[in-house]
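In: Here's a sequence, model it:
(chains A and B)
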Amino acid sequence: MDNNQYLEIFLEESEEHIENLNDNLLKLEKDKSDKHLIDEIFRSAHTLKGMAATMGYEKINKLTHKMEDVFDKIRRNALEIDDNVIDILFKCNDALSEMLSNVSNNGNDNFDIDELLKLLDSKCQLNDEETAATSIKKSIDKKSCKDINVYERDIIEKAIKNGYKAYNIHISLDNKCIMKSARAFTIFNLLEKLGDIIDSTPSAEDIEDEKFDYDFYVNIISLTDKKLIEEKINTLSEIKNIDINEIITNMKTDEIKTNNANTQKLTNNKKLNNLSKLNKSVRVDIGRLDNLMNLVSELIIIKTRLEGIQSTEKNPDTISTIEYLERITTNLHDAVMKVRMVPVERVFNRFPRMVRDLSRELNKKISLNMYGKDTEVDRTVIDEIGDPLVHLIRNSIDHGIEEPNIRISKGKNEIGNIDLKAYHEGNNVIIEVSDDGDGIDFEKVKSKAIANGLLSKEDLSQITKEKLINILFEAGFSTSETVTDISGRGVGLDVVKNKVESLNGSISVKSEKNVGTKFIIKLPLTLAIIQALLIKIDNENYAFPLNSISEIINEKSENIHEVQGKEVIQYRGKVIPLIRINRLFDISEAKTKSDLLCVVIKKGDNLAACIVDELIGQQEIVIKPLGKYLRNVKVIAGATILGDGQVALIIDSNNLF
Amino acid sequence: MSLFVVTKINKEEYGMDIEKVQSIEKITKITKVPKTPNYIKGVINLRGEIIPVISLRAKLGMDDIIYDDSTRIVVIKNDDILIGFIVDSANEVIELTDNDVEDISNEEKNINKNTDYISKIGKKDDRLLLILDLDKLISQDVKK
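Out: Numbers count the residues shown, from 1 in each chain, chains lettered A, B, ... in the order given. Down below sits the predicted model:
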């Protein structure tokens, strides 16, 4: 079997299972009595084991097998779930994750699992109840040479719950029987009609190959009565002896059969629902999605072109047809955008575990609340937004939330809250990370800023909260006295800001002492299509991304002053630089006019005025990259194709000043 | 046996390996890109894709002339990069055997200063085809 083609599937599915295990373990920690969780956990581990065995990854197989044993004990109520057990299981999960990434990177699952195996073993050791249970089991199954394995016990228990009976049938064939396998075959046939054969000792193959003397055992589930089965088998010849024993498992008898039938149905339905949800999804190669996106982008450009033609068209039929085409194109575009959308749940999922681990490490009590997990974002955003969010949450845990006793002394609940919210607003996705902790200590920020030379003492009196917040986002800034493993190096917030801005988004902060802090990240829904302002400079078309524009003003050339050799103008009480784009771009200068049309662009808190010749209007444009050859041109962010086929360069306002 | 697209600048014929030639287009509106060397004339819209165009004249150190009906853009694909070269004309494909192609001799190197970009010389009948080293032509800029 060619493992390579299955490797991808194995990795993807294994990852999913490990994620499920993680989630369920977290849930189990909160509600230790939930039986369904244990079942699901068992199933995940079992499937993982099977997949690993098929692919030949012995270590993963071993570990999951041992985990299964522990789960089984838990399921049979022979082991109590406590924090210790859960910790061990979490460690196993982490080990599995690492082994998977080893498989992905190196092709093998090398990992030291000895310690984990020992830990798991210690939990699996037989205690008194255990031995008693197994001895009862052994006396019942005494006549079968093989213990019913866990998987089969599972089936048998379910069957019994549903009103079936399980029997162990011992058949002794007559010494004079010549064709033993044929005789066994007829017996098997008969049994199949009476119920479901679970397994046999020896195995069916061995029986076929006549690898037995004259005895064999069969485990069967059936609605038929024991006596009736015995009668039916007796109708066959060459059978010396039949011995039928009902299999009773050591389930608690107070689990009422009828109630269980109901709960069984519930869990089955839940399983079915999950299955049907699963069946409705398809794995698609990202390259194909990108291709689809490109084609649709082209379609948008043509649509814009048609809109231009339509305005000169007189024929009503043509007009309505073009309009219809436009509607369909827009719908198609929306649909393809949706295909690329992925729920943020993907990213949010790793946080509960992280919060749990960190809060234990720092001895803080923290509850992570997530809202809007189904909110969808473009898949490129998903990949990039994870790290910034990790930074923000870590900051909240490390700096924001106070220790439990401090919280109590402040009159707050001992358990700190971190809220993670995601929702759509207009054309954007908003992600909020807020905590009810200490809030940003602005006094500390001020003193650190002065110490670092970012602020002078004079600025202090004029400083606004916003400015202080911006300082927080500067590289290397941190108010921590100590550098911990988690934070304090001042590397976090500026990286967050850069990542967010590289996604064409923005980040803002609201904070109040002793109340808490809230970080708000705004991201556009699509990356390749933006709103832009089209302008003309020297008869060439250019585009400014709309979110980089603050205002459009008219200014008189007399009002231009010079400060330190650079041209500036006064704008709303501030002095901002004036940028002559045609000089910057080495385009011929138009005749000097006295009335200047300026686009005021913003870069964070800084503003600048750019002189343009003409405004064309606001338009949705598709960003096309300039390509590798021209990637060194910093002032241009890309290009777009206008409705009439002309190329307009997109100005990168961040690099203009 | 190799095929070459014959492009003309002034009276000289330059050959481009046909394997790398994507298409030959008529000259179309070029959008200037700021802050680029003078031989990069800008970008064009080629059926929905943005392609940078270089003037072969300027790159080889000659003066630019006004574009006319015979001016063409030869679109080259080199290592996944698409670039268009503006030439005076391009309307022929020549087949050359290995015999017809030789390396540049030292004399020829001295005559023509721009032999940096010429890899070999092809001779057929009475014609002289200067075969361009497309890698050198393109990669110089990318390295910047």
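
In: Only C-alpha atoms from now on, for both contacts and neighbour counts.
Out: OK.

In: hmm, which helix or strand of chain B has the shakiest average pLDDT?
Out: When each helix and strand of chain B is scored by mean pLDDT, DSSP states H and E, helix B:106-111 comes last, with a mean of 60.

In: Smallest gap between the stretch 501-650 of chain A and chain B, at which residue?
Out: As assessed by C-alpha to the nearest C-alpha, chain B sits closest to A:Phe585 within the stretch 501-650 of chain A, at 4.7 Å.

In: circling back to that earlier point, pull out the buried residues from whichever helix or strand comes after the least confident helix or strand of chain B.
Out: Note on helix B:106-111: by DSSP states H and E, the next helix or strand toward the C-terminus is strand B:118-124. For strand B:118-124, the neighbour count (16 or more other C-alpha atoms under 10 Å in any protein chain shown) marks B:118-122 as buried.

In: quick one: average pLDDT of strand B:118-124?
Out: On average, the pLDDT along strand B:118-124 is 87.

In: tell me the angle of the helix or strand that comes right after that strand relative to strand B:118-124?
Out: Per DSSP H and E, the first helix or strand lying C-terminal to strand B:118-124 is strand B:127-132. In terms of direction (axes from the mean of the first three to the mean of the last three C-alpha atoms, to 10 degrees), strand B:127-132 departs from strand B:118-124 by 160 degrees.

In: start to end distance for stretch A:162-180?
Out: Terminal residues of stretch A:162-180 lie 35 Å apart, using C-alpha to C-alpha, to the nearest Å.

In: tell me which residues in stretch A:168-186 are buried?
Out: A:168-173, A:180-181, A:183-184.

In: quick one: which of the residues you listed is nearest to B:Ile104?
Out: A:Ser181 (86.2 Å; C-alpha to C-alpha).

In: ok, for the closest residue to chain A within chain B, nearest residue in space, not its chain neighbours?
Out: Per C-alpha to the nearest C-alpha, B:Pro34 is where chain B lies closest to chain A, at 4.7 Å. Nearest in space to B:Pro34, with sequence neighbours left out and distances taken as C-alpha to C-alpha, 6 or more residues apart in numbering or on different chains, is A:Phe585 at 4.7 Å.

In: mind checking how far A:Tyr395 is from A:Thr517?
Out: Heads up, residue A:395 is Asn, not Tyr. 10 Å.

In: neighbour-wise, which of these two wins?
Out: A:Thr517 (23 against 18; other C-alpha atoms under 10 Å in any protein chain shown).

In: In space, what's closest to the residue lying farthest from the centre of chain A - neighbours in sequence excluded?
Out: Distance from the C-alpha centroid of chain A, by C-alpha atoms, centre = their mean, peaks at A:Lys176 (65.8 Å). Nearest-residue entry for A:Lys176: A:Glu238, 7.6 Å, with adjacent residues in sequence omitted and distances by C-alpha to C-alpha, 6+ apart.

In: burial of that neighbour, as a residue count?
Out: Neighbours around A:Glu238, by other C-alpha under 10 Å: 16.

In: Find me the pLDDT at it, would you?
Out: In this prediction A:Glu238 is given a pLDDT of 82.

In: residues contacting it?
Out: When the contact criterion is C-alpha atoms under 8 Å, 6 or more residues apart in numbering or on different chains, the partners of A:Glu238 are A:173-174, A:176-177, A:183.

In: State the phi and psi torsions of A:Arg283.
Out: Dihedral angles of A:Arg283 (phi, psi; degrees, to the nearest 10) stand at phi -90, psi 130.

In: so which helix or strand takes in residue 36?
Out: No chain was given, so I picked chain A. helix A:35-55.

In: could you do chain B instead?
Out: Counting by DSSP H and E, B:Thr36 is found in no helix or strand.

In: From what I see, it and A:Val633 are in contact.
Out: Yes: using C-alpha atoms under 8 Å, B:Thr36 is in contact with A:Val633, at 7.2 Å.

In: Quick one: the buried residues of strand B:118-124 as a markdown table, columns for distance to A:Lys226 too.
Out: Below are those laid out as a markdown table (distance: C-alpha to C-alpha, whole Å):
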| residue | distance to A:Lys226 |
| --- | --- |
| B:Ile118 | 95 |
| B:Ser119 | 93 |
| B:Lys120 | 95 |
| B:Ile121 | 97 |
| B:Gly122 | 97 |
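
In: what's the closest of those residues to A:His46?
Out: B:Ser119 (64.3 Å).

In: on that earlier part again, name the SS class of the residue of chain B closest to chain A, please.
Out: coil (DSSP: H, G, I helix; E, B strand; the rest coil).

In: where do the helices sit along chain B?
Out: For chain B, applying DSSP state H gives helices covering B:56-59, B:106-111, B:134-143.

In: and those helices, which one is worst for confidence?
Out: helix B:106-111 (a mean of 60).

In: thought A:Ile651 was touching A:Lys634?
Out: No: using C-alpha under 8 Å, A:Ile651 is not in contact with A:Lys634; the gap is 9.2 Å.

In: Any figure for the gap between B:Arg127 and B:Val101?
Out: Distance from B:Arg127 to B:Val101, by C-alpha to C-alpha: 12 Å.

In: Next up, identify which helix or strand A:Gln619 is on.
Out: Using DSSP H and E, A:Gln619 falls in strand A:614-622.

In: if you count what's nearby, which of B:Arg127 and B:Val101 comes out ahead?
Out: Between B:Arg127 and B:Val101, counted using other C-alpha under 10 Å, the more crowded position is B:Val101 (19 against 10).

In: Return the set of residues that bridge with the more buried one.
Out: B:Gly122 (DSSP bridges).

In: dump the residue contacts of it.
Out: Counted by C-alpha under 8 Å, 6+ apart, B:Val101 has contacts B:120-123.

In: ok, now how distant is it from A:Cys177?
Out: On the measure of C-alpha to C-alpha, B:Val101 and A:Cys177 end up 90 Å apart.

In: Likewise for A:Ala159?
Out: For A:Ala159, the distance to A:Cys177 - C-alpha to C-alpha - is 34 Å.

In: Give me every residue in chain B lying close to chain A.
Out: B:29, B:31, B:33-36, B:43-45, B:48-52, B:81, B:141-142, B:144 (C-alpha under 8 Å from any C-alpha of the partner chain).

In: Find the centremost residue of chain A, please.
Out: Note: chain A centre (C-alpha atoms, centre = their mean) maps to A:Arg346, 1.6 Å.
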